[in-house]
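A.B. asks: Got a sequence here, can you model it:
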Amino acid sequence: MAANKRLFLSLSEDDVLRLDCLREELGMNRSQYIRYVLSGQQKLICPSIKYMDAVKRLSSIDLSLRTIVLKDSVSEEDKLAIYSELQEIKKILSSRDTFGQVDQKLSKEE
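C.D. replies: Numbers count the residues shown, from 1 in each chain. Next up is the predicted model:
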């Protein structure tokens, strides 16, 4: 296997911004993206990788809301509203299984 060679590249500010935008869409750093373009690959990147930051943030919000809902001071009506809105956000952003386990206690299909 040949040793990696360092490459120094000069780009305009606009080209750097475009490079960063394109590589972020695929969840790659600059080197990975340039190798990807040079390879001519046409692979599809899974949405959960493309939107990893959004998935992480939503998971954190989900955990925080579940903690709030466990408090005795929260009414049943508010609990249902929180869960309902959270499920709606999950549907909008991606498929349900991307964001973790389904809470079996909330399932009405019993």
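
A.B. asks: can we go C-alpha only for contacts and neighbour counts from here?
C.D. replies: Will do.

A.B. asks: In contact with residue 65: list those residues for me.
C.D. replies: Residues near residue 65 by C-alpha atoms under 8 Å, 6 or more residues apart in numbering: residue 82.

A.B. asks: buried stuff in stretch 24-42?
C.D. replies: Judged by neighbour count (16 or more other C-alpha atoms under 10 Å), stretch 24-42 contains these buried residues: 26, 27, 28, 33.

A.B. asks: Quickly note the distance from the third one to residue 14.
C.D. replies: Which is residue 28. Applying C-alpha to C-alpha, to the nearest Å, the value for residue 28 to residue 14 is 19 Å.

A.B. asks: now the buried residues of stretch 24-42 as JSON lines including pLDDT and distance to residue 41?
C.D. replies: Formatted as JSON lines, these follow (pLDDT from 0 to 100; distance: C-alpha to C-alpha, whole Å):
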{"residue": "26", "pLDDT": "79", "distance to residue 41": "13"}
{"residue": "27", "pLDDT": "81", "distance to residue 41": "15"}
{"residue": "28", "pLDDT": "86", "distance to residue 41": "14"}
{"residue": "33", "pLDDT": "87", "distance to residue 41": "11"}
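
A.B. asks: Of those, which belong to helices?
C.D. replies: Of those, the ones assigned to helices by DSSP state H are residue 33.

A.B. asks: nearest to residue 55, of the buried residues of stretch 24-42?
C.D. replies: residue 27 (12.8 Å; C-alpha to C-alpha).
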